[in-house]
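Peer 1: Coordinates for the following, if possible.
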Amino acid sequence: MPTPADITRAAELKQRLDEHGFRYYVLDDPVVTDAEYDRLFHELVALEAAYPQLARADSPTHRVGGKILAEFAEVVHRVPMLSLGNAFTDEDVANFDRRCREGLAADDADTNTEIEYACEPKFDGLAISLTYEDGVFVQGATRGDGAVGEDVTLNLKTIRAIPLSLPANTFPLKFPKLLEVRGEVLMLKKDFAKLNDRQLAKGEKLFVNPRNAAAGSLRQLDSKLTAERPLHFFAYGVGAVEDSANAEGLNQRSSHAQMMNWLEALRFPVSAERRVVKGLQGLLAYYRQIGERRATLPFEIDGVVYKVNSFAAQEKLGFVSRAPRFATAHKFPAEEATTLLLGIDVQVGRTGAITPVARLQPVFVGGTTVSNATLHNEGEIRRKDLRIGDTVIVRRAGDVIPEVAAVIYAKRPADAREFVMLTRCPQCNSHIEKLEGEVIARCTGGLFCPAQRKQALLHFAQRRAMDIEGLGDKLVEQIVDAQLVRTPADLYRLGLTALAQLERMGEKSASNLLDGIEKSKHTTLAKFLFGLGIRHVGESTAKDLAKYFGNLNAIIHAPHEELLLVNDVGPVVAQSLRHFFDELHNREVVEQLRACGIVWTEQTMSIKEADANTALVNVKAPGLFAGKTVVLTGTLPTLSREDAKEQLEAAGAKVAGSVSKKTDFVIAGAEAGSKLNKAVELRVAVIDEAQLIEMLAAHSRQEKSN
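Peer 2: Sure thing, here's the model as predicted:
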């Protein structure tokens, strides 16, 4: 069984990886190096391997990549674009080779037989999939989250290295009906240098590195801008193939190396550095050879990729949840340089996270000049004993933001100064607090802080909170940038004229948004409380708080000890609530929101009042669902997932996300999957929507009779 420390650490790792993943894939604004992310990720993998009960369904280990940008249409990959596991040491590679040998050996057979591997450089760009129908390029998509990507077809068509049609003389008989080619969009080093020269001449911002420039160029909404950027493409494999039986050559390819030769014959750019080797020594020799030539290669790489060459062997080895067993990426060590730590500033993130940032004497490292580096958090500064004036080692390996890896203590000057964390947010002057068990300090002015403004508004407006229809990411960006809205209360003061003047808005759209804002004024205390975005207060906790206290003022003024009496509210949640409501800025915004007309029905008697009167200890009415744990799966015929959940919770049930021996009912709809299978395996009662409605009606009749 995991210890409490293991449980806390797993939760902390998930939180940090989610935050870093959001910043990297959605905001294009990462604050940690790939090496640091990999370290955290592999620590979580190890914890979940040791204690499977820690492997939550939403763990970063179950996902491949990041969130889809709203500006592009979604593309569902016919074959998922899985990422690779990583190896960092010779021992890691040896373990990979051993697992492959053991996985391919027959029972009681010798596992020492050397395997043939296909090796190639690991391009440092953006993974994409190209779809050809009857030999014509029809669609291109980014990896996205591995299952769903972004449609960037028009932008990809501007890349001259990508063939718009396949050469007819390659297929004397006919083309495959459908062919997906997988590869990497990147920018060659020489083209990157020329691009930055042009940026400098125009007085515009320089790109940090070729990967950053390529990713930004491919995700331009205007393909004309993409066409101005010197992007390149290298193919590294094939995804889905349909009706290939008559395609000359395709059905005869039995290995990755043969497939790469076939793609080259189709005039797709492929790496000239690819090789086929045998066994562990062949893998390590290839890694060292490419490492020695890394600086002279025409493109940036951050490692090499090993794949079991035989397709039959690949199929036998199969996959784990997020990566193939037959392949891995052997990463190069991060590049390093020494420089002076001139000062330490702090940045406030979209969620209020306070991140110390090192101001460095500019130094050339990892292919670019670095003057700032992340310090992660205050604890990391103390652990490394960093002081202003120190000579430090800066590490960078193609990362957008480098890190300070270590201090050279022998060069520490006598006047080196310790860092003192700010107690007030530099953006809004709210208190900076660090909750027990957390490593990241945060600004407590969530509703007021300019740095958190957009995130606070999006959370406040979401369907599960105030449900303001039409207020999405793009519009929030506009109204904040136009200084129309500073806090959620300002939403209720918006006027038609100001909104209609926004880009792509118009009077009709503005009017619809104002109708949605007006409609949101009638809500529930639980939804309002959830919408405030108080750290650690999710939907379930907000409902428990609303039930227990019955009104908002009681929650605002409840002491820490009283908050602990609420179901599932522990010291961390109680501390977070007190920090939020103790901040004057937040209370003022709450009062402004209520003054704008937001209302809800107050409970006639709260749990607190009932306990005080000893008239009622448990507000959950008796019934078939009272005190039961219920799991919803599949699509119900008439009820939405949220409606069903609300009705079940009103009937006293606890709605869980996964099936276990403690589950009392599973409510299954169409296309129910693994949860239904688990319920059958554990012999948990399974009901459909009709039975659910009948049981809820029985509960309602019983409640009225009481």
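Peer 1: Can you list the low-confidence ranges for the stretch 1-150 of the chain?
Peer 2: Along the stretch 1-150 of the chain, the model assigns pLDDT under 70 to residues 18, 21-32, 34-35, 56-58, 62-71, 107-110.
Peer 1: 90 instead, please
Peer 2: 1-75, 77, 79-86, 88-89, 105-113, 124-125, 133-137, 143-150 (pLDDT under 90).
Peer 1: quick one, strands of it?
Peer 2: Assigned by DSSP state E, counting those that start in this stretch, the stretch 1-150 of the chain shows strands spanning 74-76, 85-87, 116-123, 126-133, 136-142, 148-150.
Peer 1: Strands of the stretch 201-350 of the chain, residue ranges please.
Peer 2: 232-242, 275-278, 301-308, 327-331, 335-348.
Peer 1: For my notes, please list the ones you listed in JSON lines and give mean pLDDT for each entry.
Peer 2: Listed next are the strands of the stretch 201-350 of the chain as JSON lines, based on pLDDT from 0 to 100:
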{"stretch": "strand 232-242", "mean pLDDT": "91"}
{"stretch": "strand 275-278", "mean pLDDT": "96"}
{"stretch": "strand 301-308", "mean pLDDT": "94"}
{"stretch": "strand 327-331", "mean pLDDT": "93"}
{"stretch": "strand 335-348", "mean pLDDT": "90"}
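Peer 1: Deepest-packed of those strands, please.
Peer 2: Using mean count of other C-beta atoms under 10 Å, the stretch among the strands of the stretch 201-350 of the chain with the greatest mean number of neighbours is strand 301-308 (a mean of 24). (Glycine included, C-beta is placed from N, CA and C.)
Peer 1: Quickly run through the sheet partners of that strand, with directions.
Peer 2: Strand pairing for strand 301-308, determined by DSSP bridges: strand 116-123 (antiparallel), strand 327-331 (antiparallel).
Peer 1: Can you lay out these as TSV showing distance to Ile408?
Peer 2: TSV is the format used below for these (distance: least, C-beta to C-beta, whole Å):
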stretch	distance to Ile408
strand 116-123	31
strand 327-331	25
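Peer 1: Between the ones you listed, which one is closest to Gln452.
Peer 2: strand 327-331 (34.1 Å; C-beta to C-beta).
Peer 1: if we look at the closest one, which residues are touching it?
Peer 2: 34-35, 38, 84-88, 92-93, 96, 122, 283, 287, 302-308, 314, 397 (C-beta atoms under 8 Å, 6 or more residues apart in numbering).
Peer 1: of all the strands of the stretch 1-150 of the chain, which lies closest to Arg387?
Peer 2: So among the strands of the stretch 1-150 of the chain, strand 85-87 is nearest, using C-beta to C-beta, at 33.0 Å.
Peer 1: who's in contact with that closest one?
Peer 2: 38, 42, 92-93, 95-96, 303, 320, 323, 327-331.
Peer 1: Kindly report the same for stretch 657-664.
Peer 2: Counting by C-beta under 8 Å, 6+ apart, stretch 657-664 makes contact with 57, 628-631, 656, 666, 675, 678-679, 682, 684-685, all of which sit outside it.
Peer 1: would you put the C-alpha positions of that stretch in PDB?
Peer 2: Extracted in PDB, the C-alpha atoms of stretch 657-664 (Å, rounded to 0.1, in the frame of the first residue of the first chain):
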ATOM      1  CA  GLY A 657     -15.600   8.500 -11.700                       C
ATOM      2  CA  SER A 658     -14.500   4.800 -11.600                       C
ATOM      3  CA  VAL A 659     -15.900   1.400 -10.700                       C
ATOM      4  CA  SER A 660     -14.600  -0.400  -7.700                       C
ATOM      5  CA  LYS A 661     -15.800  -3.000  -5.100                       C
ATOM      6  CA  LYS A 662     -17.400   0.000  -3.200                       C
ATOM      7  CA  THR A 663     -19.600   0.900  -6.100                       C
ATOM      8  CA  ASP A 664     -23.300   0.200  -5.500                       C
END
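Peer 1: Let me see the mean pLDDT of it.
Peer 2: For stretch 657-664, mean pLDDT is 85.
Peer 1: buried residues in it?
Peer 2: Across stretch 657-664, burial judged by 16 or more other C-beta atoms under 10 Å covers 659, 663-664.
Peer 1: which among those gets closest to Phe549?
Peer 2: Using C-beta to C-beta, the buried residues of stretch 657-664 come closest to Phe549 at Asp664, 28.1 Å.
Peer 1: Need phi/psi at that closest one.
Peer 2: Torsion angles at Asp664 (phi, psi; degrees, to the nearest 10) stand at phi -90, psi -40.
Peer 1: And it, how far from Val589?
Peer 2: In this view, Asp664 and Val589 are 41 Å apart by C-beta to C-beta, to the nearest Å.
Peer 1: Ok, Leu496 next?
Peer 2: 24 Å.
Peer 1: Same question for Arg395.
Peer 2: Taking C-beta to C-beta, one finds Arg395 at 41 Å from Val589.
Peer 1: Of the contacts of stretch 657-664, just the buried ones, PyMOL syntax please.
Peer 2: Command for PyMOL that selects the buried part of the contacts of stretch 657-664, burial taken from 16+ other C-beta under 10 Å:
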select buried, resi 628+629+630+631+666+675+678+679+684
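Peer 1: any chance of the contacts of strand 85-87 in TSV, plus distance to Met260?
Peer 2: TSV is the format used below for those (distance: C-beta to C-beta, whole Å):
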residue	distance to Met260
Asp38	27
His42	29
Asp92	25
Val93	21
Asn95	26
Phe96	20
Gly303	18
Val320	24
Ala323	20
Ala327	14
Thr328	18
Ala329	17
His330	18
Lys331	22
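Peer 1: tell me the two of these that are most distant?
Peer 2: Across these (C-beta to C-beta), the longest gap, 19.5 Å, separates Gly303 and Val320.
Peer 1: Kindly list the longest helix within the protein.
Peer 2: Taking DSSP state H as the criterion, the chain has its longest helix at helix 4-25.
Peer 1: Now find how far off-centre that helix is within its chain.
Peer 2: 11 Å (C-alpha atoms, centre = their mean, to the nearest Å).
Peer 1: thinking again about what came up before, Leu496 and Val589: which has the busier surroundings?
Peer 2: Val589 (22 against 12; other C-beta atoms under 10 Å).
Peer 1: Next up, identify which helix or strand the more buried one is on.
Peer 2: Using DSSP states H and E, the element containing Val589 is helix 584-595.
Peer 1: can you pull the buried residues of that helix?
Peer 2: Residues of helix 584-595 classed as buried under the neighbour-count rule (16+ other C-beta under 10 Å) are 585-586, 589-590, 592-593.
Peer 1: follow-up on the earlier one: make CSV out of the contacts of stretch 657-664 and add secondary structure and distance to Ile479.
Peer 2: Putting those into CSV (DSSP: H, G, I helix; E, B strand; the rest coil; distance: C-beta to C-beta, whole Å) gives the following:
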residue, secondary structure, distance to Ile479
Ala57, coil, 35
Lys628, coil, 44
Thr629, strand, 42
Val630, strand, 40
Val631, strand, 39
Ala656, strand, 38
Val666, strand, 43
Lys675, helix, 40
Lys678, helix, 45
Ala679, helix, 46
Leu682, helix, 49
Val684, coil, 47
Ala685, strand, 49
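Peer 1: those helices in the stretch 201-350 of the chain, which residues are they?
Peer 2: Listed in chain order, the helices of the stretch 201-350 of the chain (DSSP state H, counting those that start in this stretch) span 210-218, 223-227, 256-265, 279-293, 311-317.
Peer 1: Check these for me: which has the lowest mean pLDDT.
Peer 2: Across the helices of the stretch 201-350 of the chain, the lowest-scoring stretch is helix 223-227, with a mean of 74.
Peer 1: what's in contact with that helix?
Peer 2: 154-155, 157-159, 217-218, 220.
Peer 1: ok, 6 Å please
Peer 2: By C-beta atoms under 6 Å, 6 or more residues apart in numbering, the residues outside helix 223-227 that reach it are 154-155, 158, 217, 220.
Peer 1: neighbour-wise, which of those residues leads?
Peer 2: Within these, Asn155 tops the neighbour count with 27 neighbours, counted by other C-beta under 10 Å.
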